[in-house]
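In: Below are the sequence and a predicted model; questions follow.
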Amino acid sequence: MDRMSTYWLLALALFAFQVLGFVISIIKKRNDIADVVWGLGFVYLACLSYAMGTGHSRALLVNGLITLWGLRLALHIYLRSKGKPEDYRYAQWRSEWKHVYLRSFLQVFMLQGLFLYIIAWPVMLINLALPVAWQWWDGLALLLWCIGFAFESIGDYQLIQFKKNPANRGKLITTGLWRYSRHPNYFGDALQWWAIFLFALALPMGWITVLSPLLLTYLLRYVSGVPMLERKYASHPEFEMYKQKTSAFFPWFTAK
């Protein structure tokens with residue numbers, strides 16, 4: 001099978017995976033299942049493309065990193081939402097939309113699948129390529145990935161622990177990593193995908209997959225990540241001061 005046919009087959013497999021997620025969302029009557037499907041979709045696509053490739057060491061490392069990232073994220077979101085009402089964003093859309101099922105299918109699951117496929121591009125390229133020699137920047141890529149994973153996982157953990165404390169009800173978290181970034185978990189997420197791109201850079205035409213981290217960073221910073229959450233907290237009495245003192249995305253020292 002030629003490379004292009006393999007990419008089309010992977011796209012079809014991802015389409016089926018997203019349709020399954022959509023069916024589950026109908027059964028559960030909650031579209032926020034898409035957030036769990038997001039991380040699992042990357043693991044699924046990575047494992048499937050790895051099975052179609054030659055299984056070289058670069059692919060093995062990258063797939064291990066993607067699997068660790070995707071499973072942690074999916075589990076975190078599942079546990080966060082378990083036993084709670086549907087996420088406010090999806091609940092609002094459900095109340096506003098006409099033809100809810102059609103828009104959920106197209107605007108939530110199919111659009112998510114398109115973004116997922118583009119962002120997973122460097123992973124698929126690595127898995128389907130022939131082995132190439134390790135480069136000096138692969139070490140940098142691994143270091144950046146570990147830093148990103150730490151920011152995302154520790155940021156999520158700190159937020160969970162903060163919310164568990166009854167004394168913090170109605171308050172904003174401004175400690176730990178959240179002292180240096182208003183969204184350290186989103187920053188960590190983006191950094192990990194810049195690292196995955198660096199792993200792909202050693203491959204022929206690997207530089208083209210820069211679209212992957214660019215798209216994810218743009219979505220997190222300007223579309224579905226930072227803006228949506230900050231609109232939610234815009235009326236919070238502490239938010240404006242926190243916003244003035246703390247970097248929105250890239251970690252930096254708190255302003256005096």
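Out: Sure thing, it's come through.

In: Can you give me the buried ones in the longest helix belonging to the chain?
Out: When the chain is scanned for its longest helix (criterion: DSSP state H), the result is helix 136-164. Within helix 136-164, the residues scored as buried using 16 or more other CB atoms under 10 Å are 138, 141-142, 144-145, 148-149, 151-153, 155-156, 158-159, 162. Just so you know, the C-beta spots here come from the backbone N, C-alpha and C atoms, and that holds for glycine as well.

In: From these, pick the one nearest Tyr101.
Out: Checking these against Tyr101 by CB to CB gives Asp156 as the nearest, at 31.0 Å.

In: That closest one reaches His76, doesn't it?
Out: Yes - judged on CB atoms under 8 Å, Asp156 makes contact with His76 at a distance of 5.5 Å.

In: got the domain boundaries for the chain?
Out: 1-131, 132-256 (automatic domain parsing).

In: rewinding a little: can you name every helix or strand that the longest helix of the chain contacts?
Out: helix 57-81, helix 184-200 (3 or more CB pairs under 8 Å, 6 or more residues apart in numbering; DSSP states H and E).

In: ok, now which ones touch Gly176?
Out: Going by CB atoms under 8 Å, 6 or more residues apart in numbering, Gly176 touches Ile154, Gly155, Gln158.

In: cutoff 7 Å now
Out: Contacts for Gly176 (CB atoms under 7 Å, 6 or more residues apart in numbering) come out as Gln158.

In: And Ser212, by the same measure?
Out: Contacts of Ser212 by CB under 7 Å, 6+ apart are Ile118, Ile119, Trp121, Pro122, Trp193, Phe197.

In: Turn those into TSV, columns for pLDDT, neighbour count and distance to Ser95.
Out: Shown next, in TSV, are the contacts of Ser212 (pLDDT from 0 to 100; neighbours: other CB atoms under 10 Å; distance: CB to CB, whole Å):
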residue	pLDDT	neighbour count	distance to Ser95
Ile118	98	14	30
Ile119	98	24	29
Trp121	97	21	35
Pro122	98	26	38
Trp193	98	26	33
Phe197	98	25	38
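
In: Flag every buried residue along stretch 204-219.
Out: Buried-residue list, stretch 204-219, by 16+ other CB under 10 Å: Gly206, Thr209, Val210, Ser212, Pro213, Leu214, Leu215, Leu216, Thr217, Leu219.

In: Give me the pLDDT value at the residue most central in space within the chain.
Out: Closest residue to the average C-alpha location of the chain: Asp189 at 5.9 Å, with CA atoms, centre = their mean. As predicted, Asp189 sits at a pLDDT of 98.

In: any idea how far Pro251 is from the residue lying closest to it once chain neighbours are set aside?
Out: Spatial nearest neighbour of Asp189, excluding adjacent residues (CB to CB, 6 or more residues apart in numbering): Glu152 at 5.1 Å. Per CB to CB, to the nearest Å, Glu152 is found 12 Å from Pro251.

In: and the worst-scoring helix or strand of the chain on mean pLDDT, how far from the chain's centre?
Out: In the chain, the helix or strand scored least confidently by mean pLDDT, DSSP states H and E is helix 88-96, which has a mean of 85. Using CA atoms, centre = their mean, to the nearest Å, the distance from the centre of helix 88-96 to the centre of the chain it belongs to is 21 Å.

In: With stretch 155-174 instead?
Out: With CA atoms, centre = their mean, you get 22 Å for stretch 155-174.

In: what does stretch 196-208 give?
Out: 20 Å.

In: Fine, thanks again, bye for now.
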